[in-house]
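Chemist: Need a 3D model of the sequence below.
(2 chains)
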2 protein chains.
Amino acid sequence: MSTNYEPYVHGRSDREAERLNCQASKLAELLHQGTRYPQGSRVLEAACGVGAQTSILARNSPGAEFVSIDISPESLIRAKLRVSEEGITNVTFRQADVCHLPFGPETFDHIFVCFLLEHLPDPLHSLKGMKEILRPGGTITIIEGDHGSALLFPDSREAHKVIDCLVHLQREMGGNALIGRELWHLMTGAGFAKVAVSPRIVYADRSRPEFVEGVKNIFIAMVEGVRELAIDRRLVDNETWEKGIRDLYRTTEQDGTFCYTFFKAVGTRDL
Amino acid sequence: MSTNYEPYVHGRSDREAERLNCQASKLAELLHQGTRYPQGSRVLEAACGVGAQTSILARNSPGAEFVSIDISPESLIRAKLRVSEEGITNVTFRQADVCHLPFGPETFDHIFVCFLLEHLPDPLHSLKGMKEILRPGGTITIIEGDHGSALLFPDSREAHKVIDCLVHLQREMGGNALIGRELWHLMTGAGFAKVAVSPRIVYADRSRPEFVEGVKNIFIAMVEGVRELAIDRRLVDNETWEKGIRDLYRTTEQDGTFCYTFFKAVGTRDL
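Modeler: Presented below is the predicted three-dimensional model:
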């Protein structure tokens, strides 16, 4: 089993694990709405990371059997621990690369993919690979964000600049932080049928404290995570960075508002 | 009665009237969801324009009595004609300026405002004025767009540039095409209580032909409406304009996608 896995723009630290767990619980209702798998179905979760979505998936569909894969053994250890602590028994973990899936044709009834395609150099190729291991009539569900959707009040040039640093660095690592809007293109391009895309919007103002916390602990923390890299690479100067982050936090205070759109797509492998 | 009414960035032509009617019917379900007024309530619609929202409002709440005002006599004639052609009888029209409302304190049980604040130089002042004529316990409903929310695939620098022309020209005329994200700020700032903002997202891909048509006939037509002004003012050169518009249409074709967020806010006048 190889431990040479891909670099990941957000890193794999404890703070990042906390961020991913927080993200999952706040957004769970918004993102998982409509995703329930029938009794006895065999579902691939690619890639599970630290298991933030895994426990929600498994609890929402207690009769389904999940195989959750990830390329990182460290993330898998966290995911296993989390799921076993929660007493969940319908998940099997396995180290595997989503770009080289170690499964035979038509192995799964359904596939679930969350916040993965944004990190892949060739998401279309990966989707085609996933289609192969899906049984005819089976579904694939994809959830991705789109950092271009961030809408701020008060608006701030510097805040958009720091967000753009993350977009830029993710692109340098072969990913695409603006992939949400492309899901229709990717899913139809990979040959899935009955593709349906539904945007899911996070909107936070003072009357929605849970979402305000989510914006801080999830989105702004994620942007802050690339500070060193962005400044080392001179994508932005220190002063602009500080103001940008301050302005992002300002959208979570007083009369500020923050808006972000996720995209969820479901497609079917033709019979 | 004065006919010196304010300039309006979109103009008041037949094509514009058609655009506004189309806009209302396509978006009606999305925007009016949740807006129903009880039997016998007296509701102010400020400003009704050509009556695109008026007929939806009046049909959705047949027991309420609407007073629909607008500053433009020409628009009022169109609105009256439309409403009478549809056999609607619970609307009274009156020429009036939303910035100088000719109504006594606590005249209305509810107020409905759609696509108006974006055109006002001082929306906060206008909201305060509306609060005065609302009875304690009555509600105000505001619906506005936000052109900064336009998300395109394929993305295009030129397409954003032509959208920015409209934003710029609207600002020059004293308006704000990015006002949707500010509704929480404005409503709480005007002193309304129990303010609740809900974003309403329009997403169009080939599987949603009605929304695709809406994007073309409503959003792109609106942007195209400022072509002459934008080029005369040298906000953009002809070549960039043509490419920008072409790229906007491209989002409505093949594997293109277009996303836009409206904001709906409801607030109450404290007892």
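Chemist: and the stretch 101-250 of chain A, which of its residues are near chain B?
Modeler: A:146, A:148-149, A:151-153, A:155, A:178, A:180-182, A:184-185, A:188-189, A:195-199, A:201, A:203, A:205-207 (CB under 8 Å from any CB of the partner chain). C-beta here means a position set from N, CA and C on the backbone, and glycine is covered the same way.
Chemist: from these, which ones fall inside strands?
Modeler: Cross-referencing those with the strands (criterion: DSSP state E) gives A:L151, A:L152, A:F153, A:V195, A:A196, A:V197, A:S198, A:P199, A:I201, A:Y203 as the overlap.
Chemist: Counting neighbours, what do you get for the first one?
Modeler: By other CB atoms under 10 Å in any protein chain shown, 23 other residues sit near A:L151.
Chemist: shouldn't it be in contact with B:C259?
Modeler: No - with contact defined as CB atoms under 8 Å, A:L151 and B:C259 do not form a contacting pair (11.4 Å).
Chemist: Now the common contact residues for the two.
Modeler: For the pair A:L151 and B:C259, residues contacting each of them under the criterion CB atoms under 8 Å, 6 or more residues apart in numbering or on different chains are B:S149.
Chemist: before we move on, the earlier item: return the members of the residues of the stretch 101-250 of chain A next to chain B classed as buried.
Modeler: A:146, A:148-149, A:151-153, A:178, A:180-182, A:184-185, A:188, A:195, A:197, A:199, A:201, A:203, A:205 (16 or more other CB atoms under 10 Å in any protein chain shown).
Chemist: what ranges do the helices span in the stretch 151-271 of chain A?
Modeler: Ranges of helices within the stretch 151-271 of chain A are A:157-172, A:183-189, A:209-214, A:221-224, A:227-232, A:238-250, based on DSSP state H, counting those that start in this stretch.
Chemist: From those helices, pick the one with the highest average neighbour count.
Modeler: Of these, the one with the most neighbours on average (mean count of other CB atoms under 10 Å in any protein chain shown) is helix A:183-189, at a mean of 22.
Chemist: Which residue would you name as the spatial centre of chain A?
Modeler: The structure's chain A has its C-alpha centroid closest to A:F115; by CA atoms, centre = their mean the separation is 1.8 Å.
Chemist: does A:Y249 really touch A:A221, like I thought?
Modeler: No - applying CB under 8 Å, one finds A:Y249 not in contact with A:A221, separated by 10.8 Å.
Chemist: what's near enough to touch A:C114?
Modeler: Remark: with contacts taken as CB under 8 Å, 6+ apart, A:C114 is in contact with A:L31, A:Q53, A:I142, A:I143, A:E144.
Chemist: Quick check: nearest residue in space to the fourth one, chain neighbours excluded?
Modeler: Going back to what we said before, that points to A:I143. Counting by CB to CB, 6 or more residues apart in numbering or on different chains, the nearest residue to A:I143 once its immediate chain neighbours are dropped is A:C114, at 4.4 Å.
Chemist: helix or strand for A:F66, which one?
Modeler: With secondary structure defined by DSSP states H and E, A:F66 is part of strand A:65-70.
Chemist: Sheet-wise, list the partners of that strand with their directions.
Modeler: With DSSP bridges as the test, strand A:65-70 is paired with strand A:42-46 (parallel), strand A:91-95 (parallel).
Chemist: Quick check: which of these is nearest to B:E106?
Modeler: Each of the strands paired with strand A:65-70 was checked against B:E106 via CB to CB, and the shortest separation belongs to strand A:42-46, namely 57.5 Å.
Chemist: one step back: from chain B, how far off is the residue nearest to A:I143?
Modeler: 19 Å (CB to the nearest CB, to the nearest Å).
Chemist: State the distance from that residue to A:I231.
Modeler: Note on A:C114: its distance to A:I231, by CB to CB, to the nearest Å, is 30 Å.
Chemist: Kindly report the same for A:I220.
Modeler: The gap separating A:I220 from A:I231 is 17 Å, by CB to CB.
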